[in-house]
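# heads up, no residue letters with this:
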């Protein structure tokens, strides 16, 4: 992982206003994703070399939260190019709109490429992700704090720590983005036995009104049925209070 992330604009006719718009979009994406993941404002140092077509954001104090944020930005861009069907981990409609603005600049005269890199292979921002961004952000119409209850279907590490919660009533799979290590450890243990859980956090709803994902900051794992008291146990407890 890296503690810095860079935007590069390759254009034969780059106008000052285009550079400013691209830089603003880039800062919005990186700052927003970092805040969404860490839960607080993350401080960055912004660098622009004289006469350069690059904007660089460097960790003010190198650490894990910077690395996770940078990784989420590059993985999110990769996922959109791969036609992911949900808004990438760490992104909200605000960061998606900023990424759309970057992609839209690709259609400008003389524009050859716009890319984001975290010190490895540059990730291109193509204009063909615009329809997918529009689809994902209009489908996810609103969000509010709430709870999701269901059974853990699977666990993934591809774009951060994500599990899928299966709603037994609606028979829908809901993506659950896990915010802290304690929740992640609980889900790892619970996922091995497909446990029933209750996740609290920011629920993202579709245009039709059903939940599609939740950014969870609390997970409650319900005990397995074999661990619950039987009828004889309940009767014994009841008798002890008589």
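Cool, the structure landed. The structure displayed is predicted, hence computed values, not measured ones.

# What are the buried residues along the lengthiest helix in the chain?
Longest helix in the chain, counting residues (DSSP state H): helix 16-38. Within helix 16-38, the residues scored as buried using 16 or more other C-beta atoms under 10 Å are 18-19, 22-23, 25-38. (C-beta placed from N, C-alpha, C; glycine too.)

# gap between the residue positioned nearest the centre of the chain and residue 15?
Centroid check for the chain by C-alpha atoms, centre = their mean gives residue 89 as the closest residue, at 1.5 Å. Using C-beta to C-beta, to the nearest Å, residue 89 is found at 34 Å from residue 15.

# what's the answer for residue 183, then?
In terms of C-beta to C-beta, residue 183 sits 46 Å off from residue 15.

# neighbour-wise, which of the two wins?
residue 183 (24 against 12; other C-beta atoms under 10 Å).

# Low-confidence ranges, the chain, go.
Flagging of the chain using pLDDT under 70 yields the residue ranges 1, 51, 120, 139-141, 156-160, 170, 191-193, 207-208, 225-242.

# one more time with 50
With pLDDT under 50 as the threshold, the chain has low-confidence stretches at 228.

# Do a quick rundown of the strands in it.
4-11, 44-47, 54-59, 111-117, 123-124, 140-156, 162-167, 172-178, 196-206, 211-221 (DSSP state E).

# got these as CSV, with mean neighbour count and distance to residue 75 columns?
As requested, the strands of the chain are exported to CSV (neighbours: other C-beta atoms under 10 Å; distance: least, C-beta to C-beta, whole Å):
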stretch, mean neighbour count, distance to residue 75
strand 4-11, 20, 12
strand 44-47, 14, 19
strand 54-59, 19, 17
strand 111-117, 18, 11
strand 123-124, 18, 9
strand 140-156, 15, 12
strand 162-167, 20, 11
strand 172-178, 21, 13
strand 196-206, 19, 18
strand 211-221, 20, 16
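
# which one of those strands lies closest to residue 78?
strand 123-124 (6.2 Å; C-beta to C-beta).

# Pull up the gap between residue 202 and residue 19, please.
Counting by C-beta to C-beta - residue 202 and residue 19 are separated by 34 Å.

# likewise residue 133?
Distance from residue 133 to residue 19, by C-beta to C-beta: 22 Å.

# same question, residue 178
37 Å.

# Also residue 128?
Taken as C-beta to C-beta, the span from residue 128 to residue 19 is 23 Å.

# Contact partners for the residue lying closest to residue 180 once chain neighbours are set aside?
The shortest distance from residue 180 to any non-neighbouring residue, by C-beta to C-beta, 6 or more residues apart in numbering, is to residue 217 (6.6 Å). The neighbours of residue 217, taking C-beta atoms under 8 Å, 6 or more residues apart in numbering as the test, are 39, 179, 180, 183, 200, 201.

# Would you check how far apart the fifth one and residue 136 are?
So the one you mean is residue 200. 24 Å.

# go on, residue 61?
33 Å.

# same check, this time on residue 24
22 Å.

# do residue 199 as well
On the measure of C-beta to C-beta, residue 199 and residue 136 end up 21 Å apart.

# now do residue 125
For residue 125 relative to residue 136 (C-beta to C-beta), the value is 16 Å.

# Counting neighbours around each, name which of the two comes out higher.
Using other C-beta under 10 Å as the criterion, residue 125 and residue 136 rank with residue 125 on top: 28 against 20.

# and the gap between that one and residue 65?
For residue 125 relative to residue 65 (C-beta to C-beta), the value is 24 Å.

# and what of residue 76?
16 Å.

# One more: residue 131?
With C-beta to C-beta as the criterion, residue 131 and residue 65 are 32 Å apart.
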